[in-house]
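Novice: give me a model of this one.
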Amino acid sequence: MNRPVIRRRGFLLVLSSPSGAGKTTITRRLVAGDPELALSVSVTTRLPRHGEVEGQDYYFIDQARFDEMIAESELLEHARVFGNLYGTPRGPIEAALSAGRDVVGDVDWQGTQQLAKSVPSDLVAVFVLPPSVAVLEERLRARAQDSATVVASRMAKSVEEMSHWTEYEYAIVNRNIEESVAQVRAIVAAERLRRIRQLGLGEFVESLRSR
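Specialist: This next block holds a predicted model:
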């Protein structure tokens, strides 16, 4: 007797944190170590930083194209962060989830709130906290990507951002990057086993019961 085939619907894993808390590093390591996990590449109106690659780190677009994507409902979420616009393209995400692939991206709390409305059953949200404010500031300064004024602005905004941690299903404190990556991998493993993501599971169980 041929048993019904169980297919899995993918999910969208979102990591949020204050700037410098480690969400981007964790995201990259997750993708590098898991071939079933695809990276969500956001669009942004900001200029590329040194070393960033078009289509790999972000899709760098102008204001007019960003406005067009909003008007055409091409974004699952979008937000203004530190004067620049960021958004998550709808098409690649929906295609990946339908094909059973999981997608991970780093999105701020504003974007996560929008995703909770646009893809509620597909969203898995994790908030990454720094071990201390001092460590957070040290990490920001060590990146050497921003001026002292920008670093100060990011630090001031961090307090507000961290107040949103209760809106997330999971929260981790990034004391050690390897430990944090392992914790998020455990979340991924558990989410892949949720029965709502296993399409055809009900039919499979009924076939077992009918013998």
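Novice: what's the closest non-adjacent residue to Ser19?
Specialist: Closest residue to Ser19 apart from its sequence neighbours, by CB to CB, 6 or more residues apart in numbering: Arg154 at 4.5 Å. Heads up, the C-betas are built off the backbone N, CA and C, glycines and all.
Novice: can you get me a residue count around that neighbour?
Specialist: Neighbours of Arg154 under the rule other CB atoms under 10 Å: 19.
Novice: same deal with Pro92?
Specialist: Counted by other CB under 10 Å, the residues lying close to Pro92 total 14.
Novice: A strand includes the residue nearest to Ser19, no?
Specialist: No - counting by DSSP: H, G, I helix; E, B strand; the rest coil, one finds Arg154 to be helix, located in no strand.
Novice: so how far is Pro130 from it?
Specialist: Separation of Arg154 from Pro130 (CB to CB, to the nearest Å) stands at 12 Å.
Novice: quickly list what's touching both of these two.
Specialist: Common contacts of Arg154 and Pro130 (CB atoms under 8 Å, 6 or more residues apart in numbering): Pro18, Gly20.
Novice: confirm Gly100 sits in a helix?
Specialist: No - under the criterion used here (three-state DSSP), Gly100 is coil, not part of a helix.
Novice: identify the residue nearest it in space, chain neighbours excluded?
Specialist: Arg8 (4.8 Å).
Novice: would Ile172 count as being in a strand?
Specialist: Yes - the assignment for Ile172 by three-state DSSP puts it in a strand.
Novice: in the sheet, who's paired with it?
Specialist: Val128 (DSSP bridges).
Novice: hmm, it is touching Arg185, no?
Specialist: No - with contacts counted by CB atoms under 8 Å, Ile172 stays clear of Arg185, the gap being 11.3 Å.
Novice: compare those two (neighbour count), which wins?
Specialist: Ile172 (22 against 16).
Novice: look at that one and report its pLDDT.
Specialist: As predicted, Ile172 sits at a pLDDT of 96.
Novice: show me the contacts for it.
Specialist: Ile172 touches Val126, Phe127, Val128, Leu129, Ser180, Gln183, Val184, counting by CB under 8 Å, 6+ apart.
Novice: ok, now His78?
Specialist: Contacts of His78 (CB under 8 Å, 6+ apart): Phe66, Met69, Ile70, Leu85, Tyr86, Gly87, Thr88, Gly111, Gln114.
Novice: most surrounded residue in these?
Specialist: Busiest of the contacts of His78 [other CB under 10 Å] is Thr88, holding 26 neighbours.
Novice: how much space between that residue and Arg209?
Specialist: Per CB to CB, Thr88 is found 41 Å from Arg209.
Novice: with Asp122 instead?
Specialist: On the measure of CB to CB, Asp122 and Arg209 end up 29 Å apart.
Novice: do Gln114 as well
Specialist: Taking CB to CB, one finds Gln114 at 41 Å from Arg209.
Novice: Ile187 too?
Specialist: Distance, Ile187 to Arg209, by CB to CB: 31 Å.
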